[in-house]
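*Asks:* Turn this into a structure:
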Amino acid sequence: MKIELKNVSKKFKDITVLKDINITIESGNIYGLYGRNGSGKSVLLKLICGFYIPNTGEILYNSENLNLKNEFPPNLRAFIERPSFYPDLTGYENLKLLADIQHQIGEKEILDALDTVNLKEEKDKKYSKYSLGMKQKLGIAQVIMENPEVMIFDEPFNGIEENTVKKLIEYLKKEAKKGKLIIISTHIKEDLEKLTTKVFHVDNQTIVK
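*Replies:* Numbering: from 1, shown residues only. Prediction:
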């Protein structure tokens with residue numbers, strides 16, 4: 001997968017959030033988005049996911065502009081800001097509900113994803129009883145469980161204990177070597193230095209070189 005952002009700008013009403021973004025990202029790499037809170041990282045990720053349409057410029061997926069077809073990028077999963085889950089369902093039940101949409105995976109793949117994020121022992125606990133770190137883990141699990149080609153994570157390590165962070169870093173490195181395209185945004189530069197191929201610094205509404 002090759003994703004190209006060409007002269008992409010995004011504004012809401014009269015407020016410009018991003019302007020003239022030009023980046024190219026490809027499979028087999030882990031890319032970092034670094035910037036202070038409110039710098040536009042999450043908006044950039046939502047543009048890549050197709051949740052927002054740019055005001056100017058274009059986003060190409062393998063040279064194709066899916067926005068013109070009103071289509072979402074294929075085989076992409078994302079964890080952006082705080083994902084919404086049903087509070088009265090367990091962690092496993094929430095993932096099962098999502099898995100039933102595409103019918104690509106079964107119980108084994110869901111449990112494997114929960115095990116990867118060290119949440120398997122809490123799979124039968126209701127989401128409303130989850131701590132912040134456990135909620136973060138469930139958000140990551142819903143991204144990885146269907147083995148997507150493109151994985152996007154927005155501040156994924158918030159509230160997660162160090163041993164799980166280390167485990168996830170190793171997992172993501174292995175997935176990149178398999179040819180996955182991974183994007184991680186954070187305001188903590190040290191998180192990116194441990195695992196990324198290239199870091200884009202988002203500041204003053206654009207990519208700072």
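
*Asks:* Give me the domain ranges for this structure.
*Replies:* For the chain, the domain assignment from automatic domain parsing gives the residue ranges 1-75+149-209, 84-148.

*Asks:* Tell me which helix or strand in this protein has the weakest average pLDDT.
*Replies:* Every helix and strand of the chain was ranked by mean pLDDT, DSSP states H and E. The lowest is helix 189-193, at a mean of 76.

*Asks:* mind listing what's buried in the helix or strand hosting residue 136?
*Replies:* Residue 136 belongs to helix 132-144 when elements are defined using DSSP states H and E. Across helix 132-144, burial judged by 16 or more other Cβ atoms under 10 Å covers 133-144. All C-beta spots, glycine's among them, are computed from the backbone N, C-alpha and C.

*Asks:* Out of those residues, the closest to residue 77 would be?
*Replies:* residue 143 (4.4 Å; Cβ to Cβ).

*Asks:* what sits against the residue nearest to that closest one when sequence neighbours are not counted?
*Replies:* Leaving aside its sequence neighbours, residue 143 sits nearest to residue 77 (Cβ to Cβ, 6 or more residues apart in numbering; 4.4 Å). Contacts of residue 77 were listed using Cβ atoms under 8 Å, 6 or more residues apart in numbering, and they are 142-144, 146, 148, 150-152.
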